[in-house]
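In: Starting from these lines, generate the structure:
(one chain, ligands or ions: 1)
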Amino acid sequence: MGRTKDRFGHDFNSQQQGLYCGSNPNSGIRGFRRPKGPDSVNEKHTMALLDQSQTNYGAAKRFRLVLREQGSIREMGGEDMSIAVGITDSIFMNALDTGTSDIHLQPERDQLKIRYRQDGVLHDTGQLPSEQAQNVLARLKLASGMRIDENREPQDGRIDMEYLGRRLSARASCIPCLNGEKFVMRLLDPNAMKVDLSKLGMPEDVLRKWQKAVQIPYGLILVTGPTGSGKTSTLYASLHTLDSRTRNIVTVEDPIEYEYDRNIAQVQVTERMTFPKVMRTFLRQDPDVMMVGEMRDPESLAIGIQAGLTGHLVMSTLHTNNAIETIGRMVDMNAEPYLISGVLVAILAQRLVRLNCPKCRQPYKPTEDEVRSLDLTDEDLEKGRFAKGVGCGDCRGTGYKGRIGVFELVLGTPEFRVAVAKASDYLGMVEAAKRQGYRTMLEDGKAKALAGWTTPDEIIKAVYTQAM
Ligand SMILES: [Zn+2]
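Out: Numbering: from 1, shown residues only. Modelled structure (predicted):
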């Protein structure tokens, strides 16, 4: 059978890939203990954690926390046989083995609950009795550069680690709650960020236009969406396609999620080195491309627009619901429509949806609600290959495994720029966008549900409700 493409240019015969995992699912890591699901809670797992803690101290240590001090790196000390050290290591190892993006340590009255976020959803993975919890928290605070004796104020920090020869880090945050301190870590895995642009799930025409847009020498390129919609992965993947030897590429980030090997200067934003301050300084350093993690305030946006107008390519993100609404958001942030019109190269809006588990997915008939919400036609229902996972050991009973993006792209074509200059006219912008082949995220998501990559429910949750 030949390869077929649908009317939206998706190539549905290409192999499905579970992207946007917290860590690389293909790294061949052994010793994987997968928590079984919501109902096997979870004394067993605490035992598994303790159990594993005894096994990390062989001849070659698989996991270690490291402390970075002014450019140099040393292993974090600690009683090798101490239970707290072992448990801490196991919490990280289990998370890294299971594609976890965030680790939550949640204090309850008599225990500390451990929860992992996987494919965007939190799962209980175990708990620790309070005595041990204290020692584990102390170790984590130490590793992340927080003050151990401070338990009345929120603190944040960064934890560096090595696992099976890979260097990883976590952004850590701690806040005193009613029952103790709640500690949350976002795992930052360089491997997960080294994603190929062509594998994020963009329809073929969107990918082609986007690839062309990021090669443009100057202007403003934006990726938009809520937190956790994969914006950073898209930016990193796009930067990877640029030639960093012949161009001066700089980044301003919070946090730095991926460290480039060469030629790219990255700056972590801090209280003293703010986005505007670093951006202004970089502009004096002869940049070609500046990637700004997020433009949170009018000042950063103004500098970004000015940089884009004066011969630099600026790539950044904004929190907006869809691509066209982004124009209005920039105007709300005090940007002049005629300047936006002059600088705009492209706006990509995106969401992540969960992929059907390839092991347990079954043909599926959309419900009446889903038919209405997605506006499915009789033809869609007849020809669509709708599917849904029933749940198996491979997907922890959820029916889903891995995630993929749904996208909408607007280019700064001359016609669209004219519409932007009159930013009050939303419908005019939509019309101009449609004439360049713009399709909404909902349409892209619908195509992905029709092809059985994901369920109608995922699309409705990710796109439809937020587009209302
Ligand atoms: Zn499954």
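In: contacting residues for the nearest residue to M93 once chain neighbours are set aside?
Out: Nearest in space to M93, with sequence neighbours left out and distances taken as C-beta to C-beta, 6 or more residues apart in numbering, is F63 at 5.2 Å. Backbone N, C-alpha and C define where each C-beta goes, glycine included. Contacts for F63 (C-beta atoms under 8 Å, 6 or more residues apart in numbering) come out as N56, D89, F92, M93, M161, E162, Y163, L164.
In: so F63 bridges to which residues?
Out: Y163 (DSSP bridges).
In: and the chain, which residues reach the ion?
Out: The chain comes close to the ion at residues C357, K359, C360, G389, C392, D394, C395, as judged by C-beta under 5 Å from the ion.
In: Tell me, how many residues neighbour the second one?
Out: Neighbours of K359 under the rule other C-beta atoms under 10 Å: 14.
In: ok, now the last one?
Out: Burial of C395 is recorded as 25 neighbouring residues (other C-beta under 10 Å).
In: didn't it look like it was pressed against C357?
Out: Yes. If you go by C-beta atoms under 8 Å, C395 and C357 touch, sitting 3.8 Å apart.
In: Please enumerate the shared neighbours of the two.
Out: Contacts common to C395 and C357, judged by C-beta under 8 Å, 6+ apart, are G389, K401.
In: State the distance from Q215 to T454.
Out: 30 Å (C-beta to C-beta, to the nearest Å).
In: can you list the residues of the chain next to the ion in TSV and add pLDDT and secondary structure?
Out: Below are these laid out as TSV (pLDDT from 0 to 100; DSSP: H, G, I helix; E, B strand; the rest coil):
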residue	pLDDT	secondary structure
C357	96	coil
K359	96	coil
C360	97	coil
G389	96	strand
C392	96	coil
D394	91	helix
C395	91	helix
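In: which pair in those residues spans the largest distance?
Out: G389 and D394 (9.2 Å; C-beta to C-beta).
In: can you pull out the helices in the stretch 1-150 of the chain?
Out: According to DSSP state H, counting those that start in this stretch, the stretch 1-150 of the chain carries its helices in the segments 43-53, 83-97, 130-143.
In: Go through these and name the closest to L112.
Out: Of the helices of the stretch 1-150 of the chain, nearest to L112 by C-beta to C-beta is helix 130-143, at 3.6 Å.
In: Can you list the helices and strands that the closest one packs against?
Out: Counting contacts by 3 or more C-beta pairs under 8 Å, 6 or more residues apart in numbering; DSSP states H and E, helix 130-143 is packed against strand 63-69, helix 83-97, strand 100-107, strand 111-118, strand 155-163, strand 166-177, strand 180-188.
In: Which one of these lies nearest to D375?
Out: Across these, D375 has its closest neighbour in strand 111-118 (31.1 Å, C-beta to C-beta).
In: Tell me how far the closest one lies from the chain's centre.
Out: Remark: strand 111-118 is offset 19 Å from the chain centroid, using C-alpha atoms, centre = their mean, to the nearest Å.
In: quick one: contacts of that strand?
Out: Strand 111-118 is contacted from outside by 22, 35, 49, 91, 94-95, 98-107, 122-130, 132-133, 136-137, 180, 396, using C-beta under 8 Å, 6+ apart.
In: and with 7 Å instead?
Out: Here strand 111-118 makes contact (C-beta atoms under 7 Å, 6 or more residues apart in numbering) with 91, 95, 98-106, 122-130, 133.
In: now swap in stretch 301-316 and tell me
Out: Applying C-beta under 7 Å, 6+ apart, the contact partners of stretch 301-316 are 216-222, 235, 238, 276, 279-280, 283, 287-292, 294-295, 330, 333, 335, 339-340, 342-343.
In: Looking at those residues, which are in helices?
Out: L235, S238, P276, M279, R280, L283, M330, L339, I340, G342, V343 (DSSP state H).
In: now these: which count as buried?
Out: Buried by 16 or more other C-beta atoms under 10 Å: L235, S238, P276, M279, L283, M330, L339, I340, G342, V343, out of those.
In: Of those, which is the nearest to the ion?
Out: L235 (31.0 Å; C-beta to the ion).
In: Mind pulling up the pLDDT for the closest residue to L283 other than its chain neighbours?
Out: Using C-beta to C-beta, 6+ apart and skipping residues adjacent in sequence, the residue nearest L283 is A307, 5.8 Å away. Listed pLDDT for A307 reads 97.
In: Run the angle between the host helix or strand of A307 and helix 275-283 for me.
Out: Per DSSP states H and E, A307 falls inside helix 298-309. With axes from the mean of the first three to the mean of the last three C-alpha atoms, to 10 degrees applied, the angle from helix 298-309 to helix 275-283 works out at 20 degrees.
In: And the helices of the stretch 1-150 of the chain, which one averages the lowest pLDDT?
Out: Looking at the helices of the stretch 1-150 of the chain, the lowest mean pLDDT belongs to helix 43-53 (a mean of 49).
In: circling back to that earlier point, tell me which of Q215 and T454 has more neighbours.
Out: A direct count of neighbours by other C-beta under 10 Å for Q215 and T454 places T454 higher, at 27 against 12.
In: Now do the SS call for that one.
Out: Judged by DSSP: H, G, I helix; E, B strand; the rest coil, the three-state class of T454 is coil.
In: That one is in contact with C357, isn't it?
Out: No. Taking contacts as C-beta atoms under 7 Å, T454 lies outside contact range of C357: 10.7 Å.
In: Quick check: the residue of the stretch 101-250 of the chain nearest the ion.
Out: Taking C-beta to the ion, the ion has its nearest neighbour within the stretch 101-250 of the chain at D119, 11.8 Å off.
In: distance of the nearest residue to P363 once chain neighbours are set aside from the ion?
Out: Nearest non-adjacent residue to P363, counting by C-beta to C-beta, 6+ apart: A387, 6.0 Å away. Distance from A387 to the ion, counting by C-beta to the ion, to the nearest Å: 12 Å.
In: how far away is A387 from A449?
Out: Taking C-beta to C-beta, one finds A387 at 9 Å from A449.
In: more crowded one of these two?
Out: Neighbours of A387 and A449, each counted by other C-beta under 10 Å, are more numerous for A449; the result is 29 against 19.
In: what mean pLDDT does stretch 238-257 have?
Out: Computed over stretch 238-257, the average pLDDT equals 91.
In: Sweet, I'm off.
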